[in-house]
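Peer 1: Generate coordinates for the sequence data below:
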Amino acid sequence: MSLLQNSLYVEERPRLALTLGDPAGVGPEVILKALAEPEFAQSYDVTVVGSQAQLTKTYEQLCQCCRDNFANPEKLKILDINTEDTITTGIGNAASGAASFAYMQAAIARTKSGEFDAIVTGPIAKSAWKAAGYNYPGQTELLAELADVTKYGMLFVARSPHTNWTLRTLLATTHIPLRQVADTLTPELLTSKLDLLVECLQHDFGIAQPRIAIAGLNPHSGESGQLGREEQDWLIPWLEKERCDRPKIQLDGPIPPDTMWVKPSQAWYGKIGTAIAADAYLALYHDQGLIPVKQLAFDRAVNTSIGLPFIRTSPDHGTAFDIAGKGIADATSMKAAIQLAAELACQRISSRSFMQIGSSDSCASNSHSSLATSH
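Peer 2: Presented below is the predicted three-dimensional model:
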């Protein structure tokens, strides 16, 4: 089989590792709901990385309490990772934390070895990881460590069900206390994050000359220094330098944080033409970016790790221990995470293959996924 034929074949059936997440949370439920979709079974080659016994237990519980469709674990491809019997649905503890950590380790190792094209991670509980002796801020940091990368980012992606426009939001800082944000932000850090974002937009989403909106830090972006000096002292000079260094990229900002999200909201609901909104938004800290993302797209946003040598996506919700096993968890975000992982994996695979056969220029316009035309 030629490289081109092999690329097209893999694009049709990308190989995805789907970790169970914390087995005591809603991860098993949303996975069984998502994989019950006929189109998923036909379009994707999915291997669930986790406990087969826990999946079977969840399946039996759900069949008794609700009428939704669930994938039968007996018909799924499962990389079975043995876990303790002390795991109780709805109760996150050291045992469930150790299990979810083991699922992640196995998925990353198999992906690095070439067995999978992308990883989709179920939700984990940081407190359960800590109870099990694993002190990581989140899955992103573990992925970066095991992938041996130091420059990475958390990009949140959501496609509007109203207009098909795609919201993309990158966080400059992530899981740190708010009082540390101003000291952590530097021109060097923002340049690193902007490098990642531009590369991702160009290579994974097929947007050659993106428009990126960058938030200010202080109210009204500092009000000319009256409400904070960060914008005047370094953020505006940094942005002016980046505009000179990246003449083909449109960089808007620093935009006052309270107004930056008006156009995305309007584009999401179809109140303005989607071309008016930016291709991506760079938020300076966690809540500045994620409050609007979750307000607009709580049930369909996807967390995408950029800067890794492989694709990783995850639903943008937590373990929801309080509703685990009750059959009421919404699988929309998990479905979106699987779909995005498959599209991005196909984009990377086809790009690599076309480069190898010397045809990247002539084929690039045909290899972009549907996400490339959503801005």
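
Peer 1: The stretch 51-200 of the chain: strands as residue ranges?
Peer 2: In the stretch 51-200 of the chain, the strands defined using DSSP state E, counting those that start in this stretch lie at 77-80, 118-121, 153-159, 166-171.

Peer 1: and the last one, what does it pack onto?
Peer 2: Which is strand 166-171. strand 153-159, helix 187-203, helix 262-269, strand 280-283, helix 286-297 (3 or more CB pairs under 8 Å, 6 or more residues apart in numbering; DSSP states H and E). For every residue, glycine as well, the C-beta is placed using N, CA and C.

Peer 1: Let me know how buried Tyr269 is, in neighbour terms.
Peer 2: Counted with other CB atoms under 10 Å, residues neighbouring Tyr269 total 13.

Peer 1: still on that earlier bit, out of the strands of the stretch 51-200 of the chain, nearest to Thr86?
Peer 2: Closest to Thr86 of those, according to CB to CB: strand 77-80, at 17.8 Å.

Peer 1: Next, the contact list for the spatially closest residue to Ser127 that is not a sequence neighbour, please.
Peer 2: Spatial nearest neighbour of Ser127, excluding adjacent residues (CB to CB, 6 or more residues apart in numbering): Gly92 at 6.6 Å. Gly92 makes contact with Asp22, Ala24, Gly25, Ala125, Ser127, Ala128, Thr319, Phe321 under the criterion CB atoms under 8 Å, 6 or more residues apart in numbering.

Peer 1: Could I get the phi/psi values of the second one?
Peer 2: Note on Ala24: its backbone torsions stand at phi -90, psi -10 [degrees, to the nearest 10].

Peer 1: thinking again about what came up before, turn the strands of the stretch 51-200 of the chain into TSV, columns for mean neighbour count, mean pLDDT and distance to Glu223.
Peer 2: Shown next, in TSV, are the strands of the stretch 51-200 of the chain (neighbours: other CB atoms under 10 Å; pLDDT from 0 to 100; distance: least, CB to CB, whole Å):
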stretch	mean neighbour count	mean pLDDT	distance to Glu223
strand 77-80	16	96	55
strand 118-121	28	98	41
strand 153-159	24	96	28
strand 166-171	25	97	24
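
Peer 1: Quick one, which of those gets closest to Asp258.
Peer 2: strand 166-171 (15.8 Å).

Peer 1: The closest one pairs with which strands, and in what direction?
Peer 2: strand 153-159 (antiparallel), strand 280-283 (parallel) (DSSP bridges).

Peer 1: any idea of the mean pLDDT in the shortest one?
Peer 2: Pointing back at strand 280-283 there. For strand 280-283, the mean per-residue pLDDT is 98.

Peer 1: Residues touching it, excluding its own?
Peer 2: 155, 167-172, 190, 193-194, 197, 201, 210-215, 253, 260-261, 264, 289-290.

Peer 1: cutoff 7 Å now
Peer 2: Residues outside strand 280-283 that contact it (CB atoms under 7 Å, 6 or more residues apart in numbering) are 168-172, 193-194, 197, 201, 210, 212-215, 260, 264, 289.

Peer 1: gap between Ala283 and Pro161?
Peer 2: Per CB to CB, to the nearest Å, Ala283 is found 23 Å from Pro161.

Peer 1: can the strands paired with strand 166-171 go into JSON lines with extra columns for distance to Ser305?
Peer 2: As requested, those are exported to JSON lines (distance: least, CB to CB, whole Å):
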{"stretch": "strand 153-159", "distance to Ser305": "7"}
{"stretch": "strand 280-283", "distance to Ser305": "15"}
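
Peer 1: what about the ones you listed, which gets the closest to Ala301?
Peer 2: Closest approach to Ala301 among the strands paired with strand 166-171 is made by strand 153-159 (4.2 Å; CB to CB).

Peer 1: Return the angle between stretch directions for the closest one and helix 286-297.
Peer 2: 20 degrees (axes from the mean of the first three to the mean of the last three CA atoms, to 10 degrees).

Peer 1: that older thread, need the strands of the stretch 51-200 of the chain in a markdown table (columns: distance to Thr186).
Peer 2: As requested, these are exported to a markdown table (distance: least, CB to CB, whole Å):
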| stretch | distance to Thr186 |
| --- | --- |
| strand 77-80 | 41 |
| strand 118-121 | 29 |
| strand 153-159 | 15 |
| strand 166-171 | 15 |
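
Peer 1: Out of those, which gets nearest to Lys335?
Peer 2: Across the strands of the stretch 51-200 of the chain, closest to Lys335 is strand 118-121 (CB to CB), at 10.2 Å.

Peer 1: Show me what the closest one is packed up against.
Peer 2: Under the contact definition 3 or more CB pairs under 7 Å, 6 or more residues apart in numbering; DSSP states H and E, strand 118-121 sits against strand 15-19, helix 94-112, strand 311-315, helix 332-356.

Peer 1: Just put those in JSON lines and tack on mean neighbour count.
Peer 2: Listed next are the helices and strands packed on strand 118-121 as JSON lines, based on neighbours: other CB atoms under 10 Å:
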{"stretch": "strand 15-19", "mean neighbour count": "27"}
{"stretch": "helix 94-112", "mean neighbour count": "22"}
{"stretch": "strand 311-315", "mean neighbour count": "28"}
{"stretch": "helix 332-356", "mean neighbour count": "22"}
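
Peer 1: re the thing from before, mind checking which of Ala283 and Pro161 has more residues around it?
Peer 2: Per other CB under 10 Å, whichever of Ala283 and Pro161 has more neighbours is Ala283, with 24 against 11.

Peer 1: Bridged to that one, which residues?
Peer 2: Taking DSSP bridges as the rule, Ala283 bridges to Leu171.
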